[in-house]
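In: Provide a 3D model corresponding to the input given below.
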Amino acid sequence: GKKQVAFEVVEARTENALSFDPQLGSKGGNATCPFCGTVADSNYLKEVGHVAGYGLQLMAVMAIRPGKKGKLYLGCNEVIFNDLPLDGRMKSIEARSGLKPPDEPLEANPRSFDVQRYGFSKWRMAFTNRQVVTHLAVAANLRDALPEIQKLSSSTEQALAVYTCTALAFSRLVTQHNAFAFLHSGRETIEGPWGDGKFPMSWDFVEANLFSGSGASFHNALQWATAAYAMLSDISVACNVTRGNAKLLSHPDGFFDCVITDPPYYDSVSYSNLSDAYYVWLKQTLGGSYPEHFATELTPKKTEAIMAAYRHGNDKENASAAYESMMLGSLSEARRVLKPGGLLAIVYAHKTTLGWATLVDALRGSGFIIDEAWPLDTEMKGGRKKTDKAMLASSIF
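Out: Residues are numbered from 1 along each chain as shown. You can find the predicted model right below:
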């Protein structure tokens, strides 16, 4: 018969009660062929990714049960999937809307990204073909909806705000609708691969129905947006939101009573690199409405205040000095715009004394005095940020 792996759904309350070892066949990045026993080591797997790429095989289907808790898991042989004419649909969307799949390069921070080592060099590759077509179709329809929203509103600014929030609601779904999303076994929810500030390689993933009305659906994302609108609608005090460089604030001296900031955590998170996953899709929907914010191919990175050694020829000392310099400049600006006796509140977390020492040096250099500090529990129990992975469960305020 055809030598192809088949999957069977089994149920058990504990891992030990399973009739097989779930860790069997893979260890330390090496995989063993179940037919001939040949070990494909990590280097070989990476080479395959760069040269030929990887195929996809359905393992199981997860379904909801209306009126009942929990999910139903079906063996892949119980459901027949027909290949959709994706190429034709893609070309049709491109011709109608002018949109293109996100072929922007996947710029990786080698410290926290792993997928580039397996050949994932463009953001398009982080999504299945079905997801790319779906995202493009939604983006095209969202852009068509803007003039319809404008017809229904007497205010141009209000119409743009509604459209922007609708597009941002869809952007939330990029977290779960990619080829690296995973199933949280405890909550039976779909979670994104970027929860702990990294982009690890994964060999299995969950592909959800965007319009199921259940978890990770557009309907749920819109409910989040409308709930936020409802909560904010009672606030009568106006606010000004500006985007700019923290080292060059436009406000006059002594302008603010208080500055509250949650600055970059040294080398813990590759903020801009991870934001690219959302940026390339937001550009499809909001790029025309906010050209000044989507003028670049990817998110700006040269002035990002993180300790990224790869941006400094892998020289960690230079990277650390650059981070401290940017933090010093930003905190000095914060002190300039504060009124005499004003307060600076900072939320910060890092596992190393070097990360903390760098922040404290920047605070001292900018003229601030630390009065008090409080530890705060800021991370959910379970999920990706596990304390057994030496991840912090709390931050310092």
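In: And the spatially closest residue to Ala139 that is not a sequence neighbour, how close does it get to Tyr310?
Out: Of all residues not flanking Ala139 in the chain, Gln284 sits nearest, at 4.0 Å (C-beta to C-beta, 6 or more residues apart in numbering). Every C-beta, even on glycine, is put in place using the N, C-alpha and C of the backbone. Gln284 is 28 Å from Tyr310, where distance means C-beta to C-beta, to the nearest Å.
In: before we move on, the earlier item: so which helix or strand takes in the residue nearest to Ala139?
Out: Here Gln284 is covered by helix 271-286, with elements defined by DSSP states H and E.
In: After that helix, which helix or strand is next? Please name it.
Out: Following helix 271-286 in sequence order, the next helix or strand is helix 316-337 (DSSP H and E).
In: Looks like Gly244 contacts His251 (just checking).
Out: No - using C-beta atoms under 8 Å, Gly244 is not in contact with His251, being 9.8 Å away.
In: out of those two, which sits in the more crowded spot?
Out: His251 (13 against 9; other C-beta atoms under 10 Å).
In: which residues touch the closest residue to the more buried one other than its chain neighbours?
Out: If you skip the residues right next to it in sequence, His251 has Val337 as its closest partner in space, 4.7 Å away by C-beta to C-beta, 6+ apart. Residues near Val337 by C-beta atoms under 8 Å, 6 or more residues apart in numbering: Leu249, His251, Pro252, Asp253, Gly254, Phe255, Phe256, Val259.
In: and the first one, how far is that from Arg336?
Out: Same thing as Leu249. 8 Å.
In: And for the second one?
Out: Taken as C-beta to C-beta, the spacing of His251 relative to Arg336 amounts to 9 Å.
In: now swap in the fifth one and tell me
Out: Per C-beta to C-beta, Gly254 is found 8 Å from Arg336.
In: Which one's more surrounded, those two?
Out: Using other C-beta under 10 Å as the criterion, Gly254 and Arg336 rank with Arg336 on top: 16 against 12.
In: Which residue comes closest to the more buried one once chain neighbours are left out?
Out: In space, and not counting its chain neighbours, Arg336 is closest to Asp253: 5.7 Å by C-beta to C-beta, 6+ apart.
In: Neighbours of that neighbour, how many?
Out: For Asp253, the count of nearby residues is 9 (other C-beta under 10 Å).
In: Quick one: residues contacting the residue lying closest to Ala208 once chain neighbours are set aside.
Out: Spatial nearest neighbour of Ala208, chain neighbours left out: Ala216 (4.5 Å); criterion: C-beta to C-beta, 6+ apart. By C-beta under 8 Å, 6+ apart, the residues touching Ala216 are Leu173, Gln176, His177, Ala181, Thr189, Ile190, Ala208, Leu210.
In: again, 10 Å this time
Out: The contact partners of Ala216, taken as C-beta atoms under 10 Å, 6 or more residues apart in numbering, are 172-173, 175-177, 181, 189-192, 206-210.
In: Wait, a helix at it?
Out: No - counting by DSSP: H, G, I helix; E, B strand; the rest coil, one finds Ala216 to be coil, located in no helix.
In: Do you know the pLDDT at it?
Out: Looking at Ala216, its pLDDT is 87.
In: gap between it and Asp204?
Out: 16 Å.
In: now swap in Ser92 and tell me
Out: Between Ser92 and Asp204 the computed distance is 31 Å (C-beta to C-beta).
In: Just give me the neighbour total for Ile235.
Out: Neighbours of Ile235 using other C-beta under 10 Å come to 8.
In: Tell me the helices and strands packed up against the lengthiest helix in the chain.
Out: Of all segments of type helix in the chain, defined using DSSP state H, the longest is helix 129-152. In this structure, helix 129-152 packs against helix 86-97, helix 156-172, helix 271-286, with contacts taken as 3 or more C-beta pairs under 10 Å, 6 or more residues apart in numbering; DSSP states H and E.
In: if you compare the ones you listed, which one is most tucked away?
Out: Among the helices and strands packed on helix 129-152, helix 271-286 has the highest mean neighbour count (mean count of other C-beta atoms under 10 Å), at a mean of 22.
In: Now tell me which helix or strand of this structure has the poorest mean pLDDT.
Out: strand 394-396 (a mean of 59; mean pLDDT, DSSP states H and E).
In: end to end, how far does stretch 7-17 reach?
Out: Using C-alpha to C-alpha, to the nearest Å, the end-to-end distance of stretch 7-17 comes to 18 Å.
In: what does stretch 168-178 give?
Out: From its first residue to its last, stretch 168-178 covers 17 Å (C-alpha to C-alpha).
In: Same check on stretch 296-306?
Out: End-to-end distance (C-alpha to C-alpha), stretch 296-306: 20 Å.
In: Going by neighbour count, which residues of it are buried?
Out: Leu298, Thr299, Lys301, Glu304, Ala305, Ile306 (16 or more other C-beta atoms under 10 Å).
In: Next, work out how far apart the residue lying closest to Asn109 once chain neighbours are set aside and Asp276 are.
Out: Distances taken as C-beta to C-beta, 6+ apart put Ser270 closest to Asn109, at 4.0 Å, once the chain neighbours are dropped. Using C-beta to C-beta, Ser270 is found at 10 Å from Asp276.
In: what touches both of the two?
Out: What both Ser270 and Asp276 touch, as defined by C-beta under 10 Å, 6+ apart, is the set Glu107, Ala108, Lys301.
In: Identify the residues contacting the last one.
Out: Looking back up the chat, that one is Lys301. If a contact means C-beta under 10 Å, 6+ apart, then Lys301 has Glu107, Asn109, Ser270, Tyr271, Ser272, Asn273, Ser275, Asp276, Ala308, Arg311 as its contacts.
In: pLDDT wise, what is it at?
Out: We have a pLDDT of 90 for Lys301.
In: again, but for the first one
Out: Listed pLDDT for Glu107 reads 94.
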